[in-house]
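Novice: Pasted the sequence and its predicted model underneath.
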Amino acid sequence: MDLRDYIRDVPDFPEPGIVFKDITPLLGDVRAFDYTISHLVDHYKDVDFDVIVPIESRGFLFGAPLARELGKSIVPVRKPGKLPAETHSTDYTLEYGTNTMEIHVDGVDHGQKVLIMDDLLATGGTLAATARLVEMSGGAVADLAVIIELSFLEGRKNLEGYSIYSMIQY
Ligand code: AMP
């Protein structure tokens, strides 16, 4: 199955000049979603890690079923003000302006090995910020996983030292 058939390009969203990679056709097709999760299960079933940290919000859609299949726990990373208990917080730069991400301070235990999951790698800022949150918590990043990598943006350059797995590349 070629997952590209289930990713829709939406030009000029959320702002002019951005081509948004829309995963809703993939989510809306039972076979394509099952293929995606099964592929990730195969890829990660023999990898040594303890926890999946999915990134709000599209990372949740893939991280949660993967955690369920592999028997791992979930520690969500969320946008500011969403997590109710005490958090670690980190700011990072976007193409325009800055963003903040948070994780519960008691989410990842010291020494736990963490798989970070998001839908898409663009400039790498979001994954780098999430890796920082995991490390602030005393965890170790085992791997970074995305469905889609926009290789032309060279996000890997902002993630040196981390192992990254992407299912499809543009
Ligand atoms: P970045 O921090 O630049 O790697 O951006 C990654 C985050 O922004 C991910 O959570 C994506 O969901 C979202 N994102 C960035 N660019 C796009 C795009 N072209 N299409 C869809 N999502 C995007």
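Specialist: Structure's in. What do you need? In this text, all values refer to a predicted model and were calculated from it rather than measured experimentally.
Novice: show me where the protein has helices.
Specialist: Listed in chain order, the helices of the chain (DSSP state H) span 24-27, 30-44, 58-70, 125-136.
Novice: which strands and helices sit next to the longest one?
Specialist: This points to helix 30-44. Helices and strands touching helix 30-44, by 3 or more C-beta pairs under 8 Å, 6 or more residues apart in numbering; DSSP states H and E, are helix 24-27, helix 58-70, strand 140-149, strand 164-169. Where you see a C-beta, it was placed from the backbone N, CA and C, and this is true even at glycine.
Novice: give me that answer again for 6 Å
Specialist: Where contact means 3 or more C-beta pairs under 6 Å, 6 or more residues apart in numbering; DSSP states H and E, helix 30-44 is packed against helix 58-70.
Novice: Next one: the helix it packs on, is it in contact with the ligand?
Specialist: Yes. Remark: helix 58-70 sits within contact range of the ligand at residue 58, by C-beta under 6 Å from any ligand atom.
Novice: what pairs with the one residue sitting closest to the centre of the chain across the strands?
Specialist: By C-alpha atoms, centre = their mean, the chain has its centre lying nearest to residue 118, at 1.6 Å. Beta-bridge pairing for residue 118 (DSSP bridges): residue 146.
Novice: still on that earlier bit, will you turn the helices of the chain into CSV that also has mean neighbour count and mean pLDDT?
Specialist: Output for the helices of the chain, formatted as CSV (neighbours: other C-beta atoms under 10 Å; pLDDT from 0 to 100):
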stretch, mean neighbour count, mean pLDDT
helix 24-27, 16, 98
helix 30-44, 15, 98
helix 58-70, 19, 98
helix 125-136, 21, 98
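Novice: if you skip the residues just before and after it, what's nearest to residue 8?
Specialist: Distances taken as C-beta to C-beta, 6 or more residues apart in numbering place residue 22 nearest to residue 8, at 4.2 Å, with adjacent residues excluded.
Novice: Tally up the residues packed near the one you found, please.
Specialist: Residues lying near residue 22 (other C-beta atoms under 10 Å) number 14.
Novice: got it, and residue 141?
Specialist: There are 21 residues near residue 141, going by other C-beta under 10 Å.
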